[in-house]
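K.L.:
Compute the structure for the input listed below.
(2 chains)
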Amino acid sequence: MAENQSASVNINDNAGGEFERIPVPNSKLKGWKSFLGMYAGEHAAGTEFMIGPLFLAAGASLKDLIFGLFIGNILAILTWRYLVAPIAVSSKLTLYYQLEKIAGKHLVKVYNVVNGVLFCFLAGAMITVSASAVGVPFDVSFSVPENIFGLSSAAFSMIVIIVGIVMTVVAAAGYDAVSKFANIAAPWMIVVFVACGLSALSQMEVDSWESLLTDWDNGVSVIQSANGKVDFGFWKIVIFSWLCNAAMHFGMSDLTIMRFAKDSRAGWGPSVGMFLGHYMAWICASFMLAAQIKLTGDISANPGALAWSVVGWTGIICVIVAGWTTANPTIYRAGLAFQSLFPPKTKAYSGVVLAGLVATVAGIFPTLSGKLLDFVGLYGTILGPMGGVIFVNHYFAKKMSFTQDYADKKGAVFNVAVLLAWLLPVALGLYFIFAKDLFPAYAVIPCWIASSMLYVIIMKLQKS
Amino acid sequence: MKILKLISGLSIGVLILLMSILLFLDKIDLATVKMLMLIGTVLWFVSTPFWMKEEKN
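P.N.:
Predicted coordinates:
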């Protein structure tokens, strides 16, 4: 996931400051290579320790994983390049201001709060990941109950609460310091991921491709004999890896970053980061679980324990740092979204404290982190469709004769057309996900297309 | 600054990456690798902030 957002902190600082409501001036634009570096550490984060092992736990074959992730990542990069970058370069506006011009400032508040709540759940999963590592030296285990609101041990819940409080306080008081720390940690973290993978291969005594395949397949068999047969095939991997960052590309969240680009080549920016985080790191992290199953028969995907067994204290530190540097900006941004709900005189950190509280409560329920593959799909399904509205507003408003940037031109504060175009497809998508057990990532593109078309149709019908 | 950069590079390049490769090749034992990686981690976080801050400035 696009998780370690701290890597983009310089540009995002500007996003929240002087160019929040005006196009970025030419003097502040950056060449496309800056974006390669900026994104390099962005996708190697705490979630990777969780998502990687979940592929094995979900029964994916190693070949499917290697080729499926490759294709999915390519598709994601192409989406950034050809969907997000051209609009970002053309308009040079943040996602929020762009949305405000189309949807009106009150509807953007609703979107912001929804975004904030989802951010809280993501941060909650990161708190769980960090707590799993904190618990290792104290011999506190981490288990994922079947019930979504089931708790792990009391000791683990207590560690989650302590980690959550620390993260919240730091997010409220020292966001910049942790962001700088995250930039320092990023290259180290990537190397530690590689080391985890190599150490896991060593523990499995892998000496050939065939022996690796055998160990992997044995791992899948052990998991499936315990949890029942599940299927996570090639195309499911492709779709998941393509759309796990759907909120950022299909949902246009990265307009805020790419508006600083001189030209659309900035869309290639995520390529290095994606292959480091969503390819190398996921595969290396999955090897840790395969090694654990071979050595102990234990099938639990506990990031702290997995990292401890392969690289010792370095792994513990890496899981804590990865979780922390991901959760910190996530809580901070959710806090900014929530702040708009408070009266103007409320303390500036109130939103962050609320976000930290929600994230900590979410983190107490470990099933959330255990369902991360589903959650990121859900995240894209809910937020992605707004990107479709931005897309048709940008490319088709003039061609199809409806008002571009409707709220801005008409002085509207709540564009009902956007609300309907967003909510109806998302409601349908959520119905299929929760009632019909659809894999959430499968709903992202249909919802995006439906929202795009619906917005055009409603705008034409109301002759806007 | 060049010395600090060198320390940073060696800390993750040699003490973490190279050691894990040697572990994979069965040339070194896991306990030693874990200790060297921890030393590499400490060196990285001690040396890197200085030159990274300087470069940003």
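
K.L.:
Can you pull up the residues of the stretch 101-250 of chain A that come close to chain B?
P.N.:
The interface of the stretch 101-250 of chain A toward chain B, taken as CB under 8 Å from any CB of the partner chain, is made up of A:180, A:183-185, A:187-188, A:191-192, A:194-195, A:198-199, A:201-203. The way it works is simple: take the backbone N, C-alpha and C, and place the C-beta from them, glycine included.

K.L.:
got it, and the stretch 251-400 of chain A?
P.N.:
So far as CB under 8 Å from any CB goes, the stretch 251-400 of chain A lies against chain B at A:311, A:312, A:313, A:314, A:317.

K.L.:
ok so, going back, out of the residues of the stretch 101-250 of chain A next to chain B, give me the one that has the most neighbours.
P.N.:
In terms of neighbours by other CB atoms under 10 Å in any protein chain shown, these top out with residue A:192 at 32 neighbours.

K.L.:
Give the closest residue to the residue in the stretch 301-450 of chain A positioned nearest to chain B in space, chain neighbours not counted.
P.N.:
At 3.3 Å from chain B, residue A:312 is the closest residue in the stretch 301-450 of chain A, using CB to the nearest CB. Nearest residue to residue A:312 in three dimensions, chain neighbours excluded: residue B:34, at 3.3 Å (CB to CB, 6 or more residues apart in numbering or on different chains).

K.L.:
can you tell me which residues contact the one you found?
P.N.:
For residue B:34, the contact set (CB atoms under 8 Å, 6 or more residues apart in numbering or on different chains) comprises A:311, A:312, A:313, A:314.

K.L.:
Can I have the buried ones of these as a PyMOL selection?
P.N.:
Buried residues among those (16 or more other CB atoms under 10 Å in any protein chain shown), as a PyMOL selection:
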select buried, chain A and resi 311+312+313+314
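
K.L.:
coming back round to it: from the residues of the stretch 101-250 of chain A next to chain B, which land in helices?
P.N.:
Among these, the ones falling in helices (DSSP state H) are A:180, A:183-185, A:187-188, A:191-192, A:194-195, A:198-199, A:201-203.

K.L.:
Start and end of stretch A:69-89, how far apart?
P.N.:
Stretch A:69-89 has its terminal residues 28 Å apart, counting by CA to CA, to the nearest Å.

K.L.:
before we move on, which element is the residue nearest to residue A:312 in?
P.N.:
helix B:30-56 (DSSP states H and E).

K.L.:
phi, psi of the residue of the stretch 301-450 of chain A closest to chain B?
P.N.:
phi 70, psi -140 (degrees, to the nearest 10).

K.L.:
and if you look at the one 5 residues further on?
P.N.:
Comment: the main-chain dihedrals of residue A:317 come out as phi -60, psi -40, following degrees, to the nearest 10.

K.L.:
List the contacts of the closest residue to it other than its chain neighbours.
P.N.:
Spatial nearest neighbour of residue A:317, chain neighbours left out: residue B:41 (6.0 Å); criterion: CB to CB, 6+ apart. Listed by CB under 8 Å, 6+ apart, the contact partners of residue B:41 are A:188, A:192, A:313, A:314, A:317, B:11, B:16.

K.L.:
so where is the chain shaky, pLDDT-wise?
P.N.:
Here I'm looking at chain A. Low-confidence segments of chain A, defined by pLDDT under 70: A:1-18, A:174-175, A:464.

K.L.:
Chain B was what I was after
P.N.:
Ranges of chain B meeting pLDDT under 70: B:56-57.

K.L.:
Output the contacting helices and strands for the helix or strand harbouring residue A:212.
P.N.:
Using DSSP H and E, residue A:212 maps to helix A:209-227. Applying 3 or more CB pairs under 8 Å, 6 or more residues apart in numbering or on different chains; DSSP states H and E, one finds that helix A:209-227 contacts helix A:46-57, helix A:62-79, helix A:282-296.

K.L.:
nearest residue to the residue sitting nearest the centre point of chain B other than its sequence neighbours?
P.N.:
Centroid-nearest residue in chain B, with CA atoms, centre = their mean: residue B:11, separated by 1.7 Å. Counting by CB to CB, 6+ apart, residue B:11 lies nearest to residue B:43, which is 3.8 Å off, once chain neighbours are set aside.

K.L.:
Would you agree residue A:124 is in contact with residue A:360?
P.N.:
Yes. Residue A:124 is in contact with residue A:360 according to CB atoms under 8 Å; the separation is 7.0 Å.

K.L.:
just how off-centre is stretch A:143-154 within its chain?
P.N.:
Relative to its parent chain, stretch A:143-154 has a centroid offset of 23 Å by CA atoms, centre = their mean, to the nearest Å.

K.L.:
Just the buried residues of that stretch, please?
P.N.:
A:144, A:152.

K.L.:
One more: stretch A:441-449?
P.N.:
Across stretch A:441-449, burial judged by 16+ other CB under 10 Å covers A:441, A:442, A:443, A:444, A:445, A:446, A:447, A:448.
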